[in-house]
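**Q** Whatever this is, show me its structure:
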Amino acid sequence: LKPVGALLAAAVEMGDDDGEVAGEVTETLDIVFRALPHSSLTPTEQMLWAIDAELQDEYDLCQGTAEFWAQASYEASDWSAVADQLDVRLRKLSQGKGGAEFLSPYRRDRLSNRLIRALEDAGRQDEIIPLCEREARETGSYMRLIAHLKHAKRWAEVEEWIRKGIAATEKRWPGIAGQLRTAFREMRERQQNWL
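**A** The predicted model follows:
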């Protein structure tokens, strides 16, 4: 997929046709994604192929993956195998390589979001919050961690991680620190702790 993806991206970038090439590429890829479940790839390979296509797609060409995921019904064991492979990739991924600094956390977050979905579908929910904690430290994705902690009703940890997140992001990512302050205020409002 990678060489094909690079060729498709180059065609879209060079196209001077008001998006006609991009539209044709998208339609072609839709056919590929409809055919993917019928390919000779194993279920795990099919899922990883679709995930890789989404992760490499910088031009929103892989809209057909939505249909692929909607029609696909994979076993928890398939999702678990995908989660294991995505986790290996995430651990190997080092920030600062492959482009501007702001792109690396973005790409890493996209990969970790896919890993979270795979863990959920594999029934491995107990691994999600530790992953989110690790990734919050790595990319500043504290709001995602806070959302998962809230969902698990782990309120003391929500407050602890909001404080850690504000301290960690205040200078480098003030927007994230602002979101965390808002989350903290909203939590206090729900508790009717007006001070």
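**Q** lowest-confidence helix or strand of the protein?
**A** The helix or strand of the chain with the poorest confidence is helix 2-14; it has a mean of 59 (mean pLDDT, DSSP states H and E).
**Q** next structured bit after it?
**A** Stepping forward along the backbone from helix 2-14, the first helix or strand reached (DSSP states H and E) is helix 20-35.
**Q** number of nearby residues for Asp23?
**A** Small correction: residue 23 is Gly, not Asp. The tally of other residues near Gly23 (other Cβ atoms under 10 Å) stands at 14. (C-beta placed from N, C-alpha, C; glycine too.)
**Q** That one and Glu58: what is the separation?
**A** Distance, Gly23 to Glu58, by Cβ to Cβ, to the nearest Å: 16 Å.
**Q** can you check Val82 too?
**A** 22 Å.
**Q** now Thr65
**A** Between Thr65 and Glu58 the distance is 14 Å, computed by Cβ to Cβ.
**Q** Was I right to think Gln71 contacts Ala35?
**A** No: under the contact definition of Cβ atoms under 8 Å, Gln71 does not touch Ala35, with a separation of 11.3 Å.
**Q** who's in contact with the longest helix anywhere in the chain?
**A** When secondary structure is assigned using DSSP state H, the longest helix within the chain turns out to be helix 103-121. Outside helix 103-121, the residues that touch it by Cβ atoms under 8 Å, 6 or more residues apart in numbering are 47, 51, 54-55, 74, 76, 79-80, 82-83, 86-87, 89-90, 93, 95-98, 125, 127-128, 131-132, 135, 138-141, 144.
**Q** repeat for stretch 155-169
**A** The set of residues external to stretch 155-169 that reach it, using Cβ under 8 Å, 6+ apart, is 133, 136-137, 140, 142, 145-146, 149-150, 176-177, 180-181, 183-184, 187.
**Q** just the buried members of these?
**A** Burial of the contacts of stretch 155-169 was assessed by neighbour count (16 or more other Cβ atoms under 10 Å); the buried members are 133, 136, 140, 142, 145-146, 149, 176-177, 180, 183-184, 187.
**Q** List the ones among the residues you listed that fall in helices.
**A** 133, 136, 142, 145-146, 149, 176-177, 180, 183-184, 187.
**Q** Would you reformat these as TSV and include distance to Ala167 and pLDDT?
**A** Putting those into TSV (distance: Cβ to Cβ, whole Å; pLDDT from 0 to 100) gives the following:
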residue	distance to Ala167	pLDDT
Glu133	15	98
Ala136	12	97
Tyr142	10	98
Leu145	14	98
Ile146	14	98
Leu149	17	98
Ile176	11	96
Ala177	9	97
Leu180	10	98
Ala183	15	97
Phe184	12	96
Met187	17	93
